[in-house]
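Visitor: no sequence on hand, only this structure:
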Ligand code: ADP
Ligand code: MG
């Protein structure tokens with residue numbers, strides 16, 4: 001007897017090689033196998049010859065148009081007849097299956113499976129198929145190591161053995177509320193649908209189950225996090241007020257609101273895991289500064305991690321400046337990978353003995369020898385640039401510090417519940433006052449002169465400009481060459497200005513010097529590769545000129561545009577491109593039409609389709625097998641609500657109705673210690 005918990009190697013034909021191939025696609029047990037679902041169905045009624053490739057194995061459903069004629073050659077036979085599929089006629093030939101002849105009657109509907117010869121509009125029949133049921137052929141995701149047909153075959157064997165024995169995970173009450181199938185029917189419908197409606201119902205239930213399990217895991221992680229005793233950061237309120245008053249600007253209402261949310265979290269004797277969302281230029285850095293300072297006034301240390309050296313340097317400089325303005329004594333240090341051995345050793349000593357208050361750095365902060373004396377708050381800037389693992393690593397480094405992750409929404413807001421479902425979210429939904437909407441223009445390459453004239457005008461008004469050359473993924477040296485060529489051209493073209501060249505090959509000191517010079521307006525034009533894409537803040541810069549703009553993604557263009565419009569000046573983005581694809585054109589149009597990051601993120605999603613954005617490292621949204629977090633968003637939200645409702649009852653895992661769910665989660669969720 002086979003059971004659902006058995007290893008798949010109990011199946012006939014599964015040797016070590018096939019077993020490995022199955023493991024690769026996440027199939028270990030019989031239950032895993034029977035819940036490995038097709039991603040689409042081939043509907044026999046839908047195939048027509050004119051849309052079928054030569055040599056394809058297909059099933060055609062049609063009306064017999066000419067009587068079957070059988071010929072014999074010794075022992076061999078051949079049966080031929082005409083088949084009308086929609087309005088297309090083909091000739092079908094069966095070899096050595098004389099018995100089928102009697103089933104072929106002119107005017108009747110039949111379905112035949114075989115190999116299609118496009119040149120001859122003919123098919124070599126392999127078998128006849130009952131045309132009375134909707135023939136739906138499930139198509140499974142396959143790999144090089146294991147064919148879809150093999151998977152299908154194994155599922156047929158396994159299902160005949162364990163059919164009816166798979167426990168249902170989604171609790172009964174929820175299933176009734178949303179009219180979801182029990183798990184056995186759902187599985188049956190997915191693999192062996194009697195018609196498209198059955199397949200759809202199966203898919204709907206399977207998608208819900210997938211979202212629900214995912215949301216249960218998130219909610220349990222969140223609970224585990226909250227129960228994880230963090231420490232209470234007992235900050236000095238007066239010191240914070242003084243700090244705020246010394247700021248060179250007044251905080252926006254949105255900034256004040258999120259600061260309060262974060263401070264309250266810090267004060268609570270539990271672990272904070274919070275995401276701060278705010279569009280480019282909304283002023284996230286000062287929020288980080290205030291909350292890090294809060295940790296420092298409570299006798300703790302704080303850290304901020306940035307994705308690039310340039311940004312880390314800028315943060316270190318800005319923070320030091322802010323504390324200087326406020327006249328408070330906070331020691332800020334910068335840890336980058338370029339630090340000399342001796343300097344690094346000193347810095348780490350001071351970090352460990354607690355004389356450094358705030359450490360700024362890149363992923364160099366995650367190295368195992370970086371030990372804090374007492375880390376109270378870890379901030380991750382541009383968090384979408386870091387992997388989940390890096391987020392986890394930072395947490396291990398301190399005595400379970402509070403975490404504040406910051407991002408400028410590279411994905412639509414609604415989708416963040418999947419990407420960051422285990423985090424609490426604060427949103428800055430307003431830009432500092434006095435900002436003027438950035439104007440965005442599109443030009444062709446042959447209009448570059450017009451663009452440069454404009455740059456000249458702006459500089460003569462006292463502003464500064466960026467000129468960005470595209471990143472060449474395949475070759476860093478080409479990338480540098482490109483930027484260098486542009487730099488030299490600009491020196492000839494605009495000799496009256498100081499021009500700088502910034503790219504990834506420069507040393508940290510060189511980068512730092514350039515950024516300082518640009519910030520101080522000793523340089524008026526900065527020619528750069530995308531190293532300046534995120535975070536860089538020079539409010540006096542008012543022009544962002546992007547060359548070959550169609551080569552950048554929308555999220556990237558939006559980030560680049562965010563480098564200007566950071567001060568009181570009216571700012572401009574000029575996209576220079578001769579796009580060769582509709583998609584390239586559409587992206588540029590989107591940039592011209594809106595400056596709202598949320599709108600652009602949604603547009604990006606519409607343009608690219610979910611598959612391209614979701615599951616990529618950039619977005620942080622996990623991949624699902626059945627459900628589609630964009631098309632099925634409403635379902636995803638419902639699954640979240642239901643999961644929250646379940647875990648809100650502390651004894652949910654004792655209820656008999658939830659036992660299958662509890663067992664499943666405990667088996668598949670090593671992280672969840674509660675079940676150990
Ligand atoms: P981002 O959210 O993109 O990280 P920053 O924190 O770099 O944005 O802030 C963008 C610019 O706006 C900076 O020059 C910063 O000093 C300035 N800024 C931040 N908050 C305010 C405010 N409340 N009023 C005016 N300027 C502000
Ligand atoms: Mg920033």
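Guide: Received it, and whenever you're ready, just let me know what you need. Everything quoted here is computed from the prediction, not taken from an experiment. Ligands and ions are numbered 1, 2, ... in the order given.

Visitor: what's the pLDDT at the residue of the chain most remote from its centre?
Guide: Relative to the centre of the chain, the most outlying C-alpha is that of residue 74, 63.9 Å out, by C-alpha atoms, centre = their mean. According to the prediction, residue 74 has pLDDT 88.

Visitor: contacting residues for it?
Guide: Shown in contact with residue 74 (C-beta atoms under 8 Å, 6 or more residues apart in numbering): no residues. (Each C-beta comes from the backbone N, C-alpha and C, glycine too.)

Visitor: and the longest helix along the chain, what does it pack against?
Guide: In the chain, taking DSSP state H as the definition, the longest helix is helix 196-227. Contact analysis of helix 196-227 by 3 or more C-beta pairs under 8 Å, 6 or more residues apart in numbering; DSSP states H and E lists strand 40-43, helix 183-191, helix 633-647, helix 659-668 as its packing neighbours.

Visitor: next SSE downstream of the first one?
Guide: Past strand 40-43, heading to the C-terminal end, the next element that is a helix or strand (DSSP states H and E) is strand 57-73.

Visitor: after that next one, heading C-terminal, what element do we hit next?
Guide: Criterion used, DSSP H and E; the element after strand 57-73 is strand 76-85.

Visitor: before we move on, the earlier item: hey, least reliable of the helices and strands packed on helix 196-227 by pLDDT?
Guide: Looking at the helices and strands packed on helix 196-227, the weakest mean confidence is strand 40-43, a mean of 78.

Visitor: what residues does that one touch?
Guide: 59, 134, 135, 136, 137, 138, 139, 193, 196, 199.

Visitor: what about 7 Å?
Guide: Strand 40-43 has contacts (C-beta atoms under 7 Å, 6 or more residues apart in numbering) with 134, 136, 137, 138, 139, 193, 196, 199.

Visitor: what's the average pLDDT for stretch 257-268?
Guide: Throughout stretch 257-268, pLDDT has a mean value of 95.

Visitor: possible to save the helices and strands packed on helix 196-227 as a markdown table with distance to residue 105?
Guide: Output for the helices and strands packed on helix 196-227, formatted as a markdown table (distance: least, C-beta to C-beta, whole Å):
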| stretch | distance to residue 105 |
| --- | --- |
| strand 40-43 | 24 |
| helix 183-191 | 32 |
| helix 633-647 | 46 |
| helix 659-668 | 51 |
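
Visitor: can you pull the contacts of the residue of the stretch 101-250 of the chain found nearest ligand 1?
Guide: Distances between the stretch 101-250 of the chain and ligand 1 by C-beta to the nearest ligand atom are smallest at residue 249, namely 3.5 Å. Residue 249 is in contact with residue 432, counting by C-beta under 7 Å, 6+ apart.

Visitor: what's the pLDDT at residue 489?
Guide: pLDDT, residue 489: 93.

Visitor: show me what the helix or strand where it lies is in contact with.
Guide: Residue 489 is part of helix 476-493, with elements assigned from DSSP H and E. Outside helix 476-493, the residues within contact range by C-beta under 7 Å, 6+ apart are 452, 467, 469, 471-472, 499, 501, 503-505, 525, 527-529, 547.

Visitor: same check on stretch 342-360?
Guide: So stretch 342-360 is contacted by 292, 296, 301-304, 312, 315-316, 319, 330-335, 339, 365, 369-374 (C-beta under 7 Å, 6+ apart).

Visitor: got the buried residues for it?
Guide: By neighbour count with 16 or more other C-beta atoms under 10 Å, stretch 342-360 contains the buried residues 344, 347, 348, 351, 356, 357, 358, 359, 360.

Visitor: what number of residues are in the vicinity of residue 232?
Guide: Neighbours of residue 232 under the rule other C-beta atoms under 10 Å: 12.

Visitor: so it touches residue 267, yeah?
Guide: Yes. The pair residue 232 / residue 267 is scored as a contact, 5.8 Å apart, by C-beta atoms under 7 Å.

Visitor: can you lay out the buried residues of stretch 342-360 as CSV showing pLDDT?
Guide: Below are the buried residues of stretch 342-360 laid out as CSV (pLDDT from 0 to 100):
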residue, pLDDT
344, 95
347, 96
348, 96
351, 96
356, 98
357, 98
358, 98
359, 97
360, 97
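
Visitor: hmm, which two among those residues are most spread apart?
Guide: Across the buried residues of stretch 342-360, no pair lies farther apart than 344 and 357, at 18.3 Å, counting by C-beta to C-beta.

Visitor: low-confidence regions, the chain specifically.
Guide: Along the chain, the parts satisfying pLDDT under 70 run over 44-45, 130-135, 225-229, 387-399, 409-421, 471-476, 608-623, 669-676.

Visitor: name the element the closest residue to residue 434 other than its chain neighbours belongs to?
Guide: Leaving aside its sequence neighbours, residue 434 sits nearest to residue 568 (C-beta to C-beta, 6 or more residues apart in numbering; 5.5 Å). Assigned by DSSP H and E, residue 568 belongs to no helix or strand.

Visitor: what about residue 155, how many residues close to it?
Guide: If you count neighbours by other C-beta under 10 Å, residue 155 ends up with 25.

Visitor: ok, now residue 307?
Guide: Residues contacting residue 307 under the criterion other C-beta under 10 Å number 20.

Visitor: cool, and the one 3 residues further on?
Guide: Other residues near residue 310 come to 25 when the count uses other C-beta under 10 Å.

Visitor: where's it relative to ligand 1, distance?
Guide: Look at residue 310 and ligand 1: by C-beta to the nearest ligand atom, to the nearest Å, they are 13 Å apart.

Visitor: cool, and residue 456?
Guide: Per C-beta to the nearest ligand atom, residue 456 is found 25 Å from ligand 1.

Visitor: from residue 490, how far off is that residue?
Guide: 11 Å (C-beta to C-beta, to the nearest Å).

Visitor: quick revisit: of all the helices and strands packed on helix 196-227, which lies closest to ligand 1?
Guide: Using C-beta to the nearest ligand atom and comparing the helices and strands packed on helix 196-227, the one that lies nearest ligand 1 is helix 633-647, at 26.4 Å.

Visitor: domains in the protein, as residue ranges please.
Guide: 1-37+135-164, 45-134, 237-428, 439-594 (automatic domain parsing).

Visitor: on the three-state scheme, residue 319 is what?
Guide: Under DSSP: H, G, I helix; E, B strand; the rest coil, residue 319 falls in the helix class.

Visitor: identify the residues contacting it.
Guide: Neighbouring residues of residue 319 by C-beta under 7 Å, 6+ apart: 289, 332, 358, 360.

Visitor: dump those residues into a markdown table; add secondary structure and distance to residue 637 as well.
Guide: Formatted as a markdown table, those follow (DSSP: H, G, I helix; E, B strand; the rest coil; distance: C-beta to C-beta, whole Å):
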| residue | secondary structure | distance to residue 637 |
| --- | --- | --- |
| 289 | helix | 34 |
| 332 | strand | 41 |
| 358 | strand | 38 |
| 360 | strand | 37 |
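
Visitor: return the member of those nearest to ligand 1.
Guide: Among the contacts of residue 319, and counting by C-beta to the nearest ligand atom, the member closest to ligand 1 is residue 289, at 8.8 Å.

Visitor: how many other residues sit next to the closest one?
Guide: So residue 289, with other C-beta under 10 Å, has 25 neighbours.

Visitor: my guess is it contacts residue 323, does it?
Guide: No. Look at residue 289 against residue 323 with C-beta under 7 Å: they stay out of range, at 8.4 Å.
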